[in-house]
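Q: heads up, no residue letters with this:
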């Protein structure tokens, strides 16, 4: 029988060790997740060729739009869980889990049906080259069928992180990463299922990691077990959960619209640049994953302390999270600027020097601005963790507008160079909004907590 585990509060203790300990499993988990994304691309590119790699990469922006919405919604539903846990209100915490689970199931059903039906239209809108269309369709429609797996894992892992356990999601994500590599090789090399096999391996692996999270919750975390009194539908709580989840999901999706325009502009340049962008994008996402870990740790820390009404610790958490992200960005910049071409060889052969050079150029251009991305990730997730999810939609709109403007205006004139500059423009535009918004959010939280204390004193 598995040993019962205790939830971990971040409302007491030294801020830096707490953040770093919480970040480490998140970081390793994100790296493993990116590792099996890299494995997909590497196995497809090396075994099936550049056209197959383009088939997998041609729809990466729309995958980010749909799956990003799923991830954002699931993470948003876990914010009230973290806040109520920090406040010590376990009944409300479990009720939010119950309501969030119902909402997630409904969203999974609607999104899966809708995206599978619209898959051919999406690929045509992306100007998918005819020679890679069949494989691109097989890959994308399989990913869409696996939407429930994506939602299951992200909802349950978000709940576990909300109560301070970042280790369990990491362990199961690591297991599923290894499983994904095995299934990739089996489906592609043994069963000869091509791009469909790569997509199937991904969704099966993610589904298993979600089921493992559920198993551990049921066996080890009694604080998360729903009582009969917790299984009550409350419209106000459901609206609050949606008020957290939908803006976060929409923020991901709105940002992804800019990425879709970027993808479409790049696709119009030909298969060479589709392959180069697909390889560069995988490497970019790998080096982005630590930012997500540091940002999630900072947001969870601030959310718990918001519930515990500890404003000083919120300030300390933000400063520590920003510092950690900026230190990492220096390392990422060095690696991407000087070793981008070598990293691209994970997916491409020396026999395609033009593709390798284009991929290295893309990584060099974006690597110089990774500190800007680090500030963006930490500030945005902290704003969300403190309950201002709606404000991040504006951040997403600014990112989208900047990407669209650069791609639509400059790609006809500068070609692939414009694609290489689009991300940085989006990050800068979002930071110009996020930093003053974060300052205003923290001030609002301070005033709200002060008002609560005055009311308690008056009573």
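A: Received it, and whenever you're ready, just let me know what you need. This structure is a prediction, so every number in the text was calculated from the model and none was measured.
Q: tell me the helices in the stretch 51-200 of the chain, going along the chain?
A: Counting by DSSP state H, counting those that start in this stretch, the stretch 51-200 of the chain has helices at residues 60-87, 90-125, 133-145, 147-162, 167-185, 194-220.
Q: Tabulate these (a markdown table), appending mean neighbour count and mean pLDDT.
A: (C-beta placed from N, C-alpha, C; glycine too.) As requested, the helices of the stretch 51-200 of the chain are exported to a markdown table (neighbours: other Cβ atoms under 10 Å; pLDDT from 0 to 100):
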| stretch | mean neighbour count | mean pLDDT |
| --- | --- | --- |
| helix 60-87 | 25 | 84 |
| helix 90-125 | 17 | 92 |
| helix 133-145 | 21 | 88 |
| helix 147-162 | 25 | 90 |
| helix 167-185 | 20 | 84 |
| helix 194-220 | 21 | 88 |
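Q: export those helices to TSV and tack on distance to residue 432?
A: Listed next are the helices of the stretch 51-200 of the chain as TSV, based on distance: least, Cβ to Cβ, whole Å:
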stretch	distance to residue 432
helix 60-87	22
helix 90-125	30
helix 133-145	34
helix 147-162	29
helix 167-185	33
helix 194-220	35
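Q: between these, which gets nearest to residue 236?
A: helix 90-125 (10.1 Å; Cβ to Cβ).
Q: which helices and strands does the closest one pack with?
A: helix 60-87, helix 133-145, helix 147-162, helix 235-267 (3 or more Cβ pairs under 8 Å, 6 or more residues apart in numbering; DSSP states H and E).
Q: The closest residue to residue 80 other than its chain neighbours: what's it in contact with?
A: Using Cβ to Cβ, 6 or more residues apart in numbering and skipping the chain neighbours, the partner closest in space to residue 80 is residue 96 (4.5 Å). Residue 96 makes contacts with 77, 80, 81, 84, 237, 241, as judged by Cβ atoms under 8 Å, 6 or more residues apart in numbering.
Q: where does residue 347 land in three-state SS?
A: Of the three states, residue 347 takes coil according to DSSP: H, G, I helix; E, B strand; the rest coil.
Q: measure it to residue 336 for me?
A: Distance of residue 347 to residue 336, computed by Cβ to Cβ, to the nearest Å: 15 Å.
Q: Check the nearest residue to residue 87 once chain neighbours are set aside and give its pLDDT.
A: Using Cβ to Cβ, 6+ apart and skipping the chain neighbours, the partner closest in space to residue 87 is residue 307 (3.8 Å). Listed pLDDT for residue 307 reads 83.
Q: thinking residue 307 is in contact with residue 83, fair?
A: Yes: using Cβ atoms under 8 Å, residue 307 is in contact with residue 83, at 4.1 Å.
Q: Can you verify my assumption that residue 172 contacts residue 207?
A: No: using Cβ under 8 Å, residue 172 is not in contact with residue 207, being 11.2 Å away.
Q: Tell me who's in contact with residue 152.
A: 104, 108, 207, 210, 211, 214.
Q: Would you convert these into CSV that also reports distance to residue 184?
A: As requested, the contacts of residue 152 are exported to CSV (distance: Cβ to Cβ, whole Å):
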residue, distance to residue 184
104, 27
108, 24
207, 15
210, 19
211, 20
214, 24
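Q: which parts of stretch 268-280 are buried?
A: 268, 269, 271, 273, 274, 275, 276, 277, 278, 279, 280 (16 or more other Cβ atoms under 10 Å).
Q: Determine which two of the residues you listed are furthest apart.
A: Top of the distance list for the buried residues of stretch 268-280 (Cβ to Cβ): 268 and 279, 18.4 Å.
Q: so which of the helices and strands packed on helix 90-125 comes closest to residue 430?
A: Closest among the helices and strands packed on helix 90-125, using Cβ to Cβ: helix 235-267, at 8.3 Å.
Q: can you pull the buried residues of the closest one?
A: So for helix 235-267, counting by 16+ other Cβ under 10 Å, buried means 237-238, 240-242, 244-267.
Q: Which residue, other than its chain neighbours, is closest to residue 276?
A: residue 358 (3.6 Å).
Q: again, but for residue 82
A: Nearest to residue 82 is residue 162, by Cβ to Cβ, 6+ apart, at 3.7 Å.
Q: Quick check: the one you found touching residue 76?
A: No: counting by Cβ under 8 Å, residue 162 does not reach residue 76; the two are 11.2 Å apart.
Q: where does residue 406 land on pLDDT?
A: pLDDT, read off for residue 406, is 93.
Q: Pull out the buried positions in the helix or strand hosting it.
A: According to DSSP states H and E, residue 406 maps onto helix 391-414. Neighbour-count burial for helix 391-414 flags 391-407, 410-411 (criterion: 16+ other Cβ under 10 Å).
Q: which residues are contacting that helix?
A: Against helix 391-414 from outside (Cβ under 8 Å, 6+ apart): 247-248, 250-255, 257-259, 261-262, 264-266, 268-269, 376, 380, 383-384, 417-419, 421-423, 425-430, 432-434, 437, 441.
Q: quick one, that helix and helix 60-87 angle?
A: 160 degrees (axes from the mean of the first three to the mean of the last three Cα atoms, to 10 degrees).
Q: Quick one: name whatever helix or strand follows helix 391-414.
A: helix 416-458.
Q: helices or strands up against that next one?
A: Counting by 3+ Cβ pairs under 8 Å, 6+ apart, helix 416-458 packs on helix 235-267, helix 271-307, helix 311-344, helix 353-367, helix 370-385, helix 391-414.
Q: and of those, who's closest to residue 196?
A: Of the helices and strands packed on helix 416-458, nearest to residue 196 by Cβ to Cβ is helix 271-307, at 17.3 Å.
Q: With adjacent residues omitted, what lies nearest to residue 60?
A: residue 281 (5.8 Å).
Q: same thing with residue 388?
A: residue 441 (4.9 Å).
Q: Could you do residue 315 as well?
A: That would be residue 442: by Cβ to Cβ, 6+ apart, it lies 7.0 Å from residue 315.
Q: so the one you found makes contact with residue 386?
A: Yes: under the criterion of Cβ under 8 Å, residue 442 makes contact with residue 386 at 7.1 Å.
Q: Now the common contact residues for the two.
A: Joint contacts of residue 442 and residue 386 (Cβ under 8 Å, 6+ apart) are residue 314.
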